[in-house]
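> Next comes the sequence, and after it the predicted model I'd like to discuss.
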Amino acid sequence: MNTRLIGQTHVGAIGLGAMPMSVHGHMPDEAQSIRTIHAALDAGVTLIDTADAYTPSHDQVGHNERIVAKALASWSGDTSGVLVATKGGHTRTVDGGWQVNGRPDYLAEACDRSLKALGVEAIGLYQHHRPDPAVPYEETLGGLRDLLDAGKIVMAGISNANPEQIRLAHEILGGRLAGVQNQYSPRFRSSEPEIDVCEELEVAFLPWSPLGGISSASELGGQHAAFARVAAERGVSPQQVCLAWELARSPVVIPIPGASRPETIVDSAAAADIVLTADELALLA
């Protein structure tokens, strides 16, 4: 029987996207990042998403993964039900930029580094970060399949993929594609077709930047006034309404909002308890 995200407790809930802990210029210190992860776990979050490339500089690959590992090791609760997802195939340059590498041999190398950084024998969910135009996508997916077959990863996922790539991954992985991570938010809705394909194939869809990005999360009350209106009527934050709206989009959706402060992820996690009415959903459409 294939291991899937669908049917597990993560679906219909909120995950923690850990990118703000390592990439942005004013990133929090390690202690604050660990407090934030602990707050997420205390709030019932069971999915933490990271990547080897979430790092302040090119020579600190795996920085965020190591923080996640420290946070899990120091948390007082039971972490056996926590799924850690990471990604490989997106690289950092000396000047702080980004590049892609979809070669199967590089993906194997990156996976080995992530295993070491996370301190685990197998990665719960390993995702190819972004298609490499210089490498045929089926070759990259073959490398991901090899990691799955070797037992180095429990589940395989892809990111920044279109519907055709999702279907190809599902085929090459022998029906074992567990998740797709694409951008999706009130201001970025072009991933609607990908969500539909994921629902058809029973594959989890993990929206990255579900609040529209760190710099624009506060704009939910301005640019997207309907979210502020519903939030005011319910006495909750516009961010909670945004995440509840995404959860209502499909049963396969698992939003992964970024957080750099404990109070932020606690607020986001509470969105899992909000069930929007048909009238509210029509207003937010």
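It's in. Just so we're clear, the structure is a prediction, and the values are computed from it rather than from any experiment.
> what's the spacing between stretch 71-81 and its chain's center?
19 Å (C-alpha atoms, centre = their mean, to the nearest Å).
> Which SSE is immediately downstream of the helix ranked longest in the chain?
Ranked by number of residues, the top helix in the chain under DSSP state H is helix 104-118. As assigned by DSSP states H and E, the chain's next helix or strand after helix 104-118 is strand 123-128.
> Export that following strand to CSV, keeping only CA atoms.
Coordinates of each C-alpha in strand 123-128 appear next as CSV, following Å, rounded to 0.1, in the frame of the first residue of the first chain:
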residue,chain,number,x,y,z
ILE,A,123,13.0,11.9,5.0
GLY,A,124,9.2,11.9,5.6
LEU,A,125,8.5,13.9,2.4
TYR,A,126,11.2,14.9,-0.1
GLN,A,127,10.2,17.3,-2.9
HIS,A,128,11.9,18.3,-6.0
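> elements contacting it?
Packing partners of strand 123-128 (3 or more C-beta pairs under 8 Å, 6 or more residues apart in numbering; DSSP states H and E): strand 83-88, helix 104-118, helix 137-149, strand 153-159, strand 177-181. Placement of C-beta: from N, CA and C, glycine included.
> how about a cut-off of 10 Å?
In this structure, strand 123-128 makes packing contacts with strand 47-49, strand 83-88, helix 104-118, helix 137-149, strand 153-159, strand 177-181, judged by 3 or more C-beta pairs under 10 Å, 6 or more residues apart in numbering; DSSP states H and E.
> So for the longest helix of the chain, what gets flagged as buried?
The neighbour-count criterion (16 or more other C-beta atoms under 10 Å) identifies 104, 106-108, 110-111, 114-115, 117-118 as the buried residues of helix 104-118.
> gap between it and the chain center?
On the basis of C-alpha atoms, centre = their mean, helix 104-118 sits 18 Å off its chain's mean C-alpha point.
> Run the angle between it and helix 137-149 for me.
40 degrees (axes from the mean of the first three to the mean of the last three C-alpha atoms, to 10 degrees).
> Alpha carbons only: can I get helix 104-118 in CSV?
Output in CSV follows, covering the C-alpha atoms of helix 104-118 (Å, rounded to 0.1, in the frame of the first residue of the first chain):
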residue,chain,number,x,y,z
PRO,A,104,19.5,12.9,-10.7
ASP,A,105,23.0,12.6,-9.3
TYR,A,106,22.7,16.1,-7.8
LEU,A,107,19.3,15.2,-6.3
ALA,A,108,20.8,12.1,-4.7
GLU,A,109,23.7,14.2,-3.3
ALA,A,110,21.3,16.9,-2.0
CYS,A,111,19.1,14.2,-0.4
ASP,A,112,22.1,12.7,1.5
ARG,A,113,23.0,16.2,2.8
SER,A,114,19.4,16.7,4.0
LEU,A,115,19.4,13.3,5.7
LYS,A,116,22.4,14.4,7.6
ALA,A,117,21.1,17.9,8.4
LEU,A,118,17.8,16.6,9.7
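> Next, the angle from it to strand 153-159.
120 degrees.
> now the angle from helix 104-118 to strand 83-88?
Using the same axes, to 10 degrees: helix 104-118 against strand 83-88 is 140 degrees.
> Show the secondary-structure elements that helix 104-118 is packed against.
helix 63-74, strand 83-88, strand 90-92, strand 123-128, helix 137-149, strand 153-159.
> want to throw the ones you listed into TSV with mean pLDDT?
Output for the helices and strands packed on helix 104-118, formatted as TSV (pLDDT from 0 to 100):
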stretch	mean pLDDT
helix 63-74	94
strand 83-88	95
strand 90-92	79
strand 123-128	97
helix 137-149	98
strand 153-159	97
